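Chemist: sequence unknown, structure follows:
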């Protein structure tokens, strides 16, 4: 797929990188210190450039392009000098809105998708809960019918953009049936009475991205805010995960490449024992090994992109890419940090930030162990009866 990218893809990459250089990177250090960034401001700027709806419907303000353009955008976001802001943008484009774009009614898309694409609304995704992280089937949040409305009670955890979002795409149980058939995705405006941010979570990394714990206490929303069919929410969310995991693999591959590039520059310039650090065979051999791992990750991710563009089920490839991404970014950033010596262990060095931020990849969007479980099911090796 990579050799099929066009001048239009190149122009998109250049536009994204120019916006990052002018409107994001000059402020990243302050936003990291503040542990939040102005999502509405950044998203509006990106929306004005048409960057938030590349593969979304034209009738809702999107560009109607194939997924390869969204993939290029995901990679280009790694130019941002932290991991939290790209992740927040990815939630807006590839995690909280794909099901809305694909299955939402025309009315629902006009009310929520269109302003998400223009950058006038910030979206978040409400799936994980305190007792239900990667085990999506075990969520407890409930939505019961009352007339033409749903009344939602429960809570969500690890919600990226949660303190700033205008709406949340919430997965809730709408019946007492089988756990894979009793869930529904519902759009919940964050200013609805009963919605509260219980707390803003302090994390090991991804500092500029706000992460919230949400509570829903008798939250009343109209049933027309349901995405698609009732009871199909689990399946819709699994489809959203496919795109989320590919996004993570693409962005991580590009971040890992930046880690290597930064490290080559640093070790070439830093002198020890009368020569540059890079002149040591162990260093340049190790960087070559890491470069090979990054290329393998990118190849796997772009095979998945090609399947999505063709309309094929990319679940297996997306799962492999997500697993490979989490392990590759950990290996690359840790290996590179070692060559920075003491500078690698200070908070404000670029490699230490990548090291901290990249660690989330093996946890968020489904932990490595869940990816392995999914792959074992594809291989027919997962224990029967489970």
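Modeler: Alright, I've got the coordinates. The model shown is predicted, which means the values in this text are computed figures rather than measured ones.
Chemist: Give the burial count for residue 184, as a bare number.
Modeler: The tally of other residues near residue 184 (other C-beta atoms under 10 Å) stands at 23. Yep, even glycine has a C-beta here, placed from its N, CA and C like the rest.
Chemist: immediately after the biggest helix by length in the chain, which helix or strand?
Modeler: Taking DSSP state H as the criterion, the chain has its longest helix at helix 233-269. Using DSSP states H and E, the helix or strand that directly follows helix 233-269 along the chain is strand 271-272.
Chemist: immediately after that next one, which helix or strand?
Modeler: Downstream of strand 271-272 (by DSSP H and E), the next one is strand 275-276.
Chemist: quick one: buried residues of the longest helix of the chain?
Modeler: 233-237, 239-260, 262-264, 266-267 (16 or more other C-beta atoms under 10 Å).
Chemist: just stretch 147-157 next, same as before
Modeler: 149-157.
Chemist: what's the closest of the residues you listed to residue 274?
Modeler: residue 157 (53.0 Å; C-beta to C-beta).
Chemist: Next, the closest one: phi, psi?
Modeler: In terms of degrees, to the nearest 10, the main-chain angles of residue 157 are phi -130, psi 160.
Chemist: do residue 367 as well
Modeler: Taking degrees, to the nearest 10 as the convention, residue 367 sits at phi -70, psi 160.
Chemist: And it, how far from residue 135?
Modeler: 10 Å (C-beta to C-beta, to the nearest Å).
Chemist: neighbour count winner among these two?
Modeler: Ranked by neighbour count (other C-beta under 10 Å), residue 367 and residue 135 place residue 367 first, with 17 against 14.
Chemist: wait, is residue 188 part of a strand?
Modeler: Yes: counting by DSSP: H, G, I helix; E, B strand; the rest coil, residue 188 is found in a strand.
Chemist: from memory it sits against residue 215, does it?
Modeler: No: under the criterion of C-beta atoms under 8 Å, residue 188 is not in contact with residue 215, lying 11.8 Å apart.
Chemist: Mutual contacts of those two, please.
Modeler: Shared contacts of residue 188 and residue 215, defined by C-beta atoms under 8 Å, 6 or more residues apart in numbering, comprise residue 195.
Chemist: More neighbours: which of these two?
Modeler: Neighbours per residue, other C-beta under 10 Å: of residue 188 and residue 215, the larger number sits with residue 188, 26 against 16.
Chemist: and the more buried one, what is it in contact with?
Modeler: So, once contact is read as C-beta under 8 Å, 6+ apart, residue 188 ends up touching 126, 152, 167-170, 195, 216, 219, 221, 225.
Chemist: where does it sit relative to residue 96, distance-wise?
Modeler: 11 Å.
Chemist: Please identify every residue contacting each of these two.
Modeler: Joint contacts of residue 188 and residue 96 (C-beta under 8 Å, 6+ apart) are 168-169.
Chemist: And residue 211, its phi and psi?
Modeler: The phi/psi pair for residue 211 (degrees, to the nearest 10) is phi -130, psi 130.
Chemist: neighbours of the nearest residue to it once chain neighbours are set aside, just the number please.
Modeler: Take residue 211 and drop its neighbours on the chain: the residue closest to it by C-beta to C-beta, 6 or more residues apart in numbering is residue 201, 4.5 Å away. Neighbour count for residue 201, taken as other C-beta under 10 Å: 15.
Chemist: was I right about residue 201 contacting residue 156?
Modeler: No: the pair residue 201 / residue 156 is not scored as a contact, 11.8 Å apart, by C-beta under 8 Å.
Chemist: and for these two, which residues touch both?
Modeler: With C-beta under 8 Å, 6+ apart as the test, residue 201 and residue 156 both reach residue 213.
Chemist: Closest one to residue 42 out of the contacts of residue 188, please.
Modeler: Among the contacts of residue 188, and counting by C-beta to C-beta, the member closest to residue 42 is residue 167, at 17.5 Å.
Chemist: Now do the same contact list for the nearest residue to that closest one once chain neighbours are set aside.
Modeler: In space, and not counting its chain neighbours, residue 167 is closest to residue 189: 5.0 Å by C-beta to C-beta, 6+ apart. In this structure, residue 189 makes contact with 166-167, 195, 221, judged by C-beta under 8 Å, 6+ apart.
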